[in-house]
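>>> sequence first, then the predicted structure, then my questions.
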Amino acid sequence: MSDQGRVTGLLKDWVAGRQGSLDGLMGAVHAELRRLAGSHMRRERRDHTLQVTGLVNEAYLRLIEQKHVSWQDRRHFFAIASRCMRRVLVDYARQRRADKRGGDRVIVAGDESLDAVVERDLDLVALDDALVTLARLDERQAKVVELRYFGGLSITETANVLDVSPATVKRDWETARLWLTRELRRG
């Protein structure tokens, strides 16, 4: 059985409540979760106190709380895992901002594919707020940004996760980048 088929089977077993399926699932996806967390953390400021292992652990806690998700397959699981990691980092940034009583911006190192869109230093909370607004306007475009920027997925990988063509992902990516540029500069 392929890794993808194994993960999909473990997801279905987990939803069905089969004993040990969650442990098996986490064992099967741990390395990929670490890679995904590493991709998220590369965009954070250099002195960030959360490490890759901590991000994986926090995302794991949020993933096991997902009781009402109809897990489709491995790709769907990693899309949700990426969203959980983003939420952890945004919550961390909001808490840090609150701790500083609205002081310094939380800095995120820019990704080369997004450098044309935003400055090198990016306020993660502002980006999250803009993505929430974008999701209300066009949910797929927001998912494309989330998967490409936060998840580190390629155009093809993003197309597979969203079950659309690579051309659609490219169009959504370009449109979302333009919209985000305008929103972030406005804010």
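Ah, there it is. Numbering: from 1, shown residues only.

>>> mean confidence score for the host helix or strand of residue 60?
Using DSSP states H and E, residue 60 falls within helix 52-64. Here helix 52-64 scores 89 as its mean pLDDT.

>>> I'd like to know which elements the following helix or strand past it is packed against.
Note on helix 52-64: by DSSP H and E, the next helix or strand toward the C-terminus is helix 74-99. Applying 3 or more C-beta pairs under 8 Å, 6 or more residues apart in numbering; DSSP states H and E, we find helix 74-99 packed against helix 3-15, helix 21-42, helix 52-64, helix 124-137, helix 155-162. (Glycine included, C-beta is placed from N, CA and C.)

>>> need those helices in a markdown table with mean neighbour count and distance to residue 186, can you?
As requested, these are arranged in a markdown table below (neighbours: other C-beta atoms under 10 Å; distance: least, C-beta to C-beta, whole Å):
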| stretch | mean neighbour count | distance to residue 186 |
| --- | --- | --- |
| helix 3-15 | 17 | 40 |
| helix 21-42 | 17 | 26 |
| helix 52-64 | 17 | 30 |
| helix 124-137 | 17 | 9 |
| helix 155-162 | 18 | 26 |
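
>>> export those to CSV and tack on distance to residue 172?
Below are those laid out as CSV (distance: least, C-beta to C-beta, whole Å):
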stretch, distance to residue 172
helix 3-15, 24
helix 21-42, 20
helix 52-64, 25
helix 124-137, 10
helix 155-162, 9
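
>>> by mean pLDDT, show me the worst of those helices.
When I compare the helices and strands packed on helix 74-99, helix 3-15 is least confident, with a mean of 83.

>>> how near is residue 4 to residue 11?
11 Å (C-beta to C-beta, to the nearest Å).

>>> need the residues touching each of those two.
Common neighbours of residue 4 and residue 11, counting by C-beta atoms under 8 Å, 6 or more residues apart in numbering, are 73-74.

>>> the spatially most central residue of the chain: what's it in contact with?
Nearest to the mean C-alpha position of the chain, by C-alpha atoms, centre = their mean, lies residue 82 at 3.0 Å. Neighbouring residues of residue 82 by C-beta under 8 Å, 6+ apart: 36, 40, 146-147, 150-151.

>>> which other residues reach stretch 166-179?
114, 116-117, 134, 137-138, 140-142, 144-145, 148, 155-156, 158-159, 162.
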